[in-house]
Every structure is written in C-alpha cells, then in structure tokens.
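> quick one, fold the following:
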Amino acid sequence: MEGTDQWQRTWHGIQDILGPKWAFHVLRLLSEDSRGFNAMRDELDGLTGPMLSQRLKELACHGLVERTVEPTTPPTTTYSLTEQGSEITAHLRELESLVELRDDATQQQCVDEFENCRNEALDDGCLTVSDC
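Numbering: from 1, shown residues only. Reported below is the predicted structural model:
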C-alpha cells in the first residue's frame with residue numbers, strides 16, 4: 001500500500017503544478033525562448049493578463065520559471081524556464097508526437113468514434129492518440 005500511496009501523492013503533485021489552465025501553454029511557449037509578459041500574453045490567444053500573472057507566479061513558486069528584471073527605464077522583465085522547467089518541458093514536448101489533432105473534416109467521425117471523450121478545449125477538431 002505504501003508504494004501506491006507514494007505514486008498517487010506524486011501524481012497529485014504533478015496535477016497541482018501542471019493542471020491549472022494555461023500552465024502547459026506558458027511552459028511550451030517559454031521552451032522556445034525567454035519572453036516578456038506582454039509578448040506572452042499577445043502570443044497566447046485568449047489568455048488574460050491577470051491569468052498569465054497568476055500562472056507565472058505559480059510556475060515560479062514550483063521552481064519551473066524564473067523572472068529577471070533589468071534596471072532599464074521602464075524596467076524590462078523577462079521570463080524563462082529554470083533548469084528543472086526545461087527538463088520537464090522537454091518531456092512534455094515529447095508527448096506532442098504521441099497525439100494527433102484531427103481537423104474539421106474528420107470531426108464528426110471523431111465525435112462518433114470517441115463520443116465519451118472530453119473534448120472541451122478544441123472547438124474545431126478532436127485530439128486522439130496517434131497511430132505512429
């Protein structure tokens with residue numbers, strides 16, 4: 001029972017860190033390059049400033065993101081991944097090759113085939129495990 005308890009606690013921790021909306025998106029974006037707050041907000045459609053601020057604080061608290069402020073006028077703030085953030089994000093990016101986004105043309109087939117699947121994040125398609 002102790003082994004099961006340990007992995008469950010670990011997976012709950014992973015969910016706490018990565019589960020909040022936009023956490024994956026922020027990490028994925030920062031895996032490409034460091035960015036300023038406004039650049040991130042502008043690049044991630046639908047993400048509000050207050051939500052981005054909250055996610056950045058949480059990800060920094062967990063040690064995945066770091067904030068650097070340059071003493072310019074006005075101050076320049078840049079966000080980047082920490083070493084741990086880079087390592088976790090590298091694993092997450094590997095998952096991209098394991099899923100397939102189906103477009104509008106196959107949406108009805110997807111809906112029929114995966115009728116009980118949660119699909120709220122995608123308005124114009126569905127996501128399934130890739131056959132590769």
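> what about the longest helix in this structure?
helix 2-18 (DSSP state H).
> who touches that helix?
Ala23, Phe24, Leu27, Glu58, Leu59, His62, Leu64 (Cβ atoms under 8 Å, 6 or more residues apart in numbering). Yep, even glycine has a C-beta here, placed from its N, CA and C like the rest.
> next one: the first one relative to Leu29, how far apart?
By that I understand Ala23. Distance of Ala23 to Leu29, computed by Cβ to Cβ, to the nearest Å: 11 Å.
> least trustworthy helix or strand in the chain by mean pLDDT?
Sorting the helices and strands of the chain by mean pLDDT, DSSP states H and E puts helix 107-113 at the bottom, at a mean of 57.
> please name the bridge partners of Val69.
Beta-bridge pairing of Val69, defined through DSSP bridges, involves Thr77.
> now the helices for the chain?
Assignment of helices within the chain using DSSP H yields the ranges 2-18, 23-32, 37-43, 49-61, 83-95, 107-113.
> Pro74: which of the ones you listed is closest?
The closest approach between Pro74 and any of the helices of the chain, judged by Cβ to Cβ, belongs to helix 37-43 at 11.7 Å.
> how far off centre is the closest one?
Relative to the centre of its chain, helix 37-43 is centred 15 Å away, using Cα atoms, centre = their mean, to the nearest Å.
> same thing with stretch 35-54?
13 Å.
> name the nearest residue to the residue most central in space within the chain, sequence neighbours excluded.
In the chain, the C-alpha closest to the average C-alpha coordinate belongs to Phe24, at a distance of 0.4 Å (Cα atoms, centre = their mean). Here the nearest residue to Phe24 in space, its sequence neighbours aside, is Leu18; by Cβ to Cβ, 6 or more residues apart in numbering that works out to 6.3 Å.
> roughly how far does Leu98 sit from Leu27?
From Leu98 to Leu27 the distance is 17 Å (Cβ to Cβ).
> one step back: got the helices of the chain as JSON lines, with distance to Pro71 columns?
Supplementary listing: these in JSON lines, determined by distance: least, Cβ to Cβ, whole Å:
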{"stretch": "helix 2-18", "distance to Pro71": "31"}
{"stretch": "helix 23-32", "distance to Pro71": "22"}
{"stretch": "helix 37-43", "distance to Pro71": "17"}
{"stretch": "helix 49-61", "distance to Pro71": "20"}
{"stretch": "helix 83-95", "distance to Pro71": "24"}
{"stretch": "helix 107-113", "distance to Pro71": "51"}
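> thank you, goodbye.
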